[in-house]
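Peer 1: Model the structure of this input:
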Amino acid sequence: MFAVVTDNGGNIVRATIDTFGETKYLSCLAHSVNLVMQSVLNAIEAVKNLIAKIKKIVMFFGQSNTAVYKLREAQAKDEYQLCLIQDCPTRWNSTFDMIQRFLVLLYAVTCTLLSLDGSPQMIFPAEVNLLKELVILLKPAKEVTLSISGEKYATGNKVLMLIDWFRTEVKKLQPISDVGKVVKTSLMSEIKKRLGCYETIRFQSLIGVAALFDPRFKRSYFPNDLYDAQVLNLVSGHIHDLKQPNSQKRKTENLQADCSNSTSISNNI
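Peer 2: Numbering: from 1, shown residues only. All right, here's what the predicted structure looks like:
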């Protein structure tokens, strides 16, 4: 067993560390990014209210077969007839998908709402511009979420690279509106607050070593010289242990103990 990846729930983290040891615990980057984005989207009132308006419109289409039919009619000349996407409160990227699809169907949605009685109010042009800016501001986080969410391949080696890329991409953004500027500032603050732990000694024995052995990254994304030296020392220590028969025996015994603990836990569950 190399690592146990969990969300950031305090009870889950404590149970994992108590059972497997702190060196085998790793916080899920996708979950941490989700916390970053949820915090940003909920903390800024203008953004929160605008997303609520979009949700209300999307829910109207979800509850009205007539509205869905009219929406398809409005897309009759398009190659594909698309539907609006309803977001999920616990998955921030579904909010991004909802906004992006809403902008794609903006003309069709406007025509449909104007043709139906009792339909919710359409958003104003200034709000459309803000939505377009939000898509640009939030897209780096979407890319990170997609990249780190592999189910059939390891992604720990990419953690440092993705955090560095995420931070760099957000820094490069130049929002025009005042709200957009607040979103950017909030993003930078949350990245430092919630993702900075991955660049410390806490997880270097896992993601630092994984990055070092990936020929694409190696030491390129290590945050500082101290981190670099500590990872190299860890690897040197592991190599030295492998050359010592007694040390290797202890490693095997520890691995067997881990397997025994895991089996015991499974049986208890």
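Peer 1: quick one: the strands in the chain?
Peer 2: For the chain, strands defined by DSSP state E occupy the ranges 4-6, 25-27.
Peer 1: I'd like these written out as JSON lines, with distance to residue 107, mean neighbour count and mean pLDDT added.
Peer 2: Heads up, the C-betas are built off the backbone N, CA and C, glycines and all. As requested, those are arranged in JSON lines below (distance: least, Cβ to Cβ, whole Å; neighbours: other Cβ atoms under 10 Å; pLDDT from 0 to 100):
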{"stretch": "strand 4-6", "distance to residue 107": "43", "mean neighbour count": "16", "mean pLDDT": "88"}
{"stretch": "strand 25-27", "distance to residue 107": "43", "mean neighbour count": "21", "mean pLDDT": "91"}
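Peer 1: okay if I get these as TSV plus distance to residue 83?
Peer 2: Below are the strands of the chain laid out as TSV (distance: least, Cβ to Cβ, whole Å):
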stretch	distance to residue 83
strand 4-6	34
strand 25-27	35
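Peer 1: can you list contacts of stretch 46-64?
Peer 2: 40-42, 67-68, 71, 83-87, 95, 98-99, 102, 109, 112-113, 116, 119-123, 127, 130-131, 134, 179, 183 (Cβ atoms under 8 Å, 6 or more residues apart in numbering).
Peer 1: Nearest to residue 164, out of the strands of the chain?
Peer 2: Of all those, it is strand 25-27 that lies closest to residue 164, at 17.2 Å by Cβ to Cβ.
Peer 1: Partner strands of that closest one, with direction?
Peer 2: Strand pairing for strand 25-27, using DSSP bridges, gives strand 4-6 (parallel).
Peer 1: Quick one: distance of the strand it pairs with to the chain centre.
Peer 2: Here strand 4-6 is found 15 Å from its chain centre; the criterion is Cα atoms, centre = their mean, to the nearest Å.
Peer 1: Ok, stretch 78-85 next?
Peer 2: Per Cα atoms, centre = their mean, the centroid offset for stretch 78-85 relative to its chain is 26 Å.
Peer 1: And it, what's buried?
Peer 2: By neighbour count on 16 or more other Cβ atoms under 10 Å, the buried set for stretch 78-85 is 84-85.
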